[in-house]
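# Sequence and predicted model, in that order:
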Amino acid sequence: MSELKSFYGRFSRNRIAFSGLIVLTIIVTGGLLADIIAPADKGRIDLEHSLEAPSLKHPFGTDSFGRDLFSRVTHGSRVSLTVGFVARTISIIIGLVMGLISGFYGGKIDSVIMRLADITFAFPTLLLLVAIMAVVAPGISTLIAVLGVVGWAAIARLVRAQVMTIRKRQYVQAAESSGIGTFSLVFRHILPQCISPVIVVYTMGLGMTIMAESSLSFLGLGVQPPSPSWGRMISDGIIFMRSAWWLTIFPGIILSLTVSSLNLVGDGFRDAFDPKYVYTKEKD
């Protein structure tokens, strides 16, 4: 509990990162309470009021089908954040397991896993995602699975390096020589030491995952209509950019704020977990 309190103290002193956390909390809360703060039906078509400019009745205006854009952007945060969080969690689990196995056993197993990671790194991430999504049936479940599987390699390499370093420490070698089982050795002595960097990578990669989902939806390979998605809304609004700027501006602003906030929070976590950062700040 004292370590958690100390971590929060270091993080809260980073005003930029803490501001990012506040903005992120507002966006997440807005998505969770979308039915309350945006009661208008996100899918209700009203062609008589299409492409209306922002007003008190429609704060973000309406789209080409007369649907309330504020409601669609707010409900779209549920889709984008859910896809991002779930897909990133899948990547973390796969990468963590692969990294633990590779770093702990080494040898041929390590070579095979690292060559698989190299194959993943050989392709630009977005190009690889587009190629896979062009083959499989697009949809939210498919999108989550593809994003989750593609993003494991960098995490596996990080965890592998951590495990190989931790295995050389005296307390781990002492535990291993005492006859402790492999399961206990990994989950009691090695895995807890890998959590801090994994949390940082998870947070910083979350913004990239949400951006990848929006990019695929923008290209028509991600979330499919009528489900609201920030990327899809930006794509649909491009042709009306001069006459109805709000169709792209508002989803773009929320997407940018979300990704920027996640990056700031990730930077804050990294600094708060960094021993050098801790020593310097506490000494000051």
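Alright, I've got the coordinates.

# Can you tell me what sits against stretch 174-188?
100, 104, 172, 189 (CB atoms under 8 Å, 6 or more residues apart in numbering). Placement of C-beta: from N, CA and C, glycine included.

# ditto for stretch 55-66
With CB under 8 Å, 6+ apart, stretch 55-66 has contacts from 40, 44-54, 68-70, 72-73, 233, 236-237, 240, 244, 246-247, 250.

# Let's see it as PDB, backbone CA atoms only.
C-alpha atoms of stretch 55-66 as PDB (Å, rounded to 0.1, in the frame of the first residue of the first chain):
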ATOM      1  CA  SER A  55     -26.600  24.000 -32.200                       C
ATOM      2  CA  LEU A  56     -28.100  23.700 -28.700                       C
ATOM      3  CA  LYS A  57     -30.200  20.700 -29.900                       C
ATOM      4  CA  HIS A  58     -27.300  19.100 -31.700                       C
ATOM      5  CA  PRO A  59     -24.000  20.200 -30.100                       C
ATOM      6  CA  PHE A  60     -21.900  18.500 -32.800                       C
ATOM      7  CA  GLY A  61     -24.400  19.000 -35.600                       C
ATOM      8  CA  THR A  62     -25.900  16.200 -37.600                       C
ATOM      9  CA  ASP A  63     -24.500  13.900 -40.400                       C
ATOM     10  CA  SER A  64     -25.700  13.300 -43.900                       C
ATOM     11  CA  PHE A  65     -28.500  11.000 -42.600                       C
ATOM     12  CA  GLY A  66     -29.600  13.500 -40.000                       C
END
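
# So what does the spatially most central residue of the chain have for phi and psi?
With distances taken as CA atoms, centre = their mean, the residue of the chain nearest its centroid is residue 206 (1.6 Å). Here is the backbone geometry of residue 206 (degrees, to the nearest 10): phi -60, psi -40.

# State whether it and residue 264 are indeed in contact, as I suppose.
No: counting by CB atoms under 8 Å, residue 206 sits too far from residue 264 to count as a contact (11.9 Å).

# next one: whichever strand or helix holds residue 149 to chain centre, how far?
Using DSSP states H and E, residue 149 falls within helix 140-150. Remark: helix 140-150 is offset 12 Å from the chain centroid, using CA atoms, centre = their mean, to the nearest Å.

# Packing partners of that helix?
On a contact count with 3 or more CB pairs under 8 Å, 6 or more residues apart in numbering; DSSP states H and E, helix 140-150 meets helix 69-105, helix 125-135, helix 191-218.

# Reformat the ones you listed into JSON lines and put distance to residue 23 and mean pLDDT next to each item.
Formatted as JSON lines, the helices and strands packed on helix 140-150 follow (distance: least, CB to CB, whole Å; pLDDT from 0 to 100):
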{"stretch": "helix 69-105", "distance to residue 23": "12", "mean pLDDT": "91"}
{"stretch": "helix 125-135", "distance to residue 23": "25", "mean pLDDT": "87"}
{"stretch": "helix 191-218", "distance to residue 23": "12", "mean pLDDT": "88"}
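
# Throw those into CSV and include distance to residue 152, thanks.
Formatted as CSV, the helices and strands packed on helix 140-150 follow (distance: least, CB to CB, whole Å):
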stretch, distance to residue 152
helix 69-105, 4
helix 125-135, 12
helix 191-218, 11
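
# Go through those helices and name the closest to residue 116.
helix 69-105 (8.0 Å; CB to CB).

# Quick check: PyMOL command selecting the buried ones in the contacts of stretch 55-66.
The buried residues among the contacts of stretch 55-66 can be selected in PyMOL (16 or more other CB atoms under 10 Å) with this line:
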select buried, resi 40+50+51+52+54+68+69+70+72+73+233+236+237+240+244+246+247+250
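
# So which of the contacts of stretch 55-66 sit within strands?
With DSSP state E as the criterion, strands contain none of those.

# sorry, back to before: buried residues of the helix holding residue 149, list them for me.
Buried-residue list, helix 140-150, by 16+ other CB under 10 Å: 140, 142, 143, 144, 145, 146, 147, 148, 150.
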